[in-house]
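Novice: Got a predicted structure plus its sequence, pasted below:
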Amino acid sequence: MFIDLDFDNDYIIDQDIVIPKDYYKDSEVKDINNLHISGKLYYDSDDTIHGIFDIDGNMIIEDAISLEDIEYPFSIKYDDILEETLKNNENKLDLFEFLWENIVLEVPLKFTEVKNLNEFKGDGWKLISEEENISNNNPFSELLKNFDKKE
């Protein structure tokens with residue numbers, strides 16, 4: 001979706017956007033819902049194109065523990081120069097490309113909504129929290145003490 005920019009006046013954007021599925025195929029994002037962008041584009045005093053935007057939405061990502069699809073809300077405040085996102089200096093802004101570049105920066109490396117780790121166990125294994133890992137006695141701790149002794 002290209003926006004033709006005519007900067008005699010500020011260009012106001014306030015709309016809901018649907019990003020094509022092609023953008024997701026090589027990312028951790030499975031879908032984006034309720035994506036809304038509001039803000040404005042304008043020329044600065046030094047003739048650079050400046051944008052101020054609020055971008056809000058919900059991305060569907062995989063839970064890092066349960067591997068289920070979960071909704072991850074995000075909110076982006078953007079205030080920067082847009083020259084590099086303009087197409088061939090034709091004063092056309094590719095809104096999808098601009099949005100995607102900023103949304104992909106918000107994708108968390110690991111995110112979970114799991115509260116009870118005891119649900120995740122199997123034959124001879126269980127998932128434990130970092131606190132449990134630190135507080136549990138190491139079965140090899142007695143052996144390690146022997147290595148520390150000087151003979």
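Specialist: The structure has been received and is ready for your questions.

Novice: ok, which stretches of this protein are helices?
Specialist: 95-103, 130-135, 141-148 (DSSP state H).

Novice: mean confidence for the shortest one?
Specialist: Put plainly, it is helix 130-135. Mean pLDDT, computed over helix 130-135, is 66.

Novice: what do you get for stretch 45-64?
Specialist: Stretch 45-64 comes out at a mean pLDDT of 87.

Novice: From residue 48, how far off is residue 42?
Specialist: Per CB to CB, to the nearest Å, residue 42 is found 10 Å from residue 48. Just so you know, the C-beta spots here come from the backbone N, C-alpha and C atoms, and that holds for glycine as well.

Novice: Comparing those two, which residue is more hemmed in?
Specialist: More neighbours surround residue 42 than the other of residue 42 and residue 48, with 15 against 11 (other CB atoms under 10 Å).

Novice: Would you confirm that that one contacts residue 13?
Specialist: No: the pair residue 42 / residue 13 is not scored as a contact, 11.5 Å apart, by CB atoms under 8 Å.

Novice: where does this protein dip in pLDDT?
Specialist: 1-8, 47, 83-92, 130, 133-142, 144-145, 148-151 (pLDDT under 70).

Novice: quick one, strands of it?
Specialist: Assigned by DSSP state E, the chain shows strands spanning 2-4, 11-17, 31-43, 49-62, 69-81, 92-94, 121-122, 125-126.

Novice: can you put these in a markdown table and add distance to residue 105?
Specialist: A markdown table is the format used below for these (distance: least, CB to CB, whole Å):
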| stretch | distance to residue 105 |
| --- | --- |
| strand 2-4 | 21 |
| strand 11-17 | 17 |
| strand 31-43 | 14 |
| strand 49-62 | 11 |
| strand 69-81 | 8 |
| strand 92-94 | 17 |
| strand 121-122 | 35 |
| strand 125-126 | 35 |
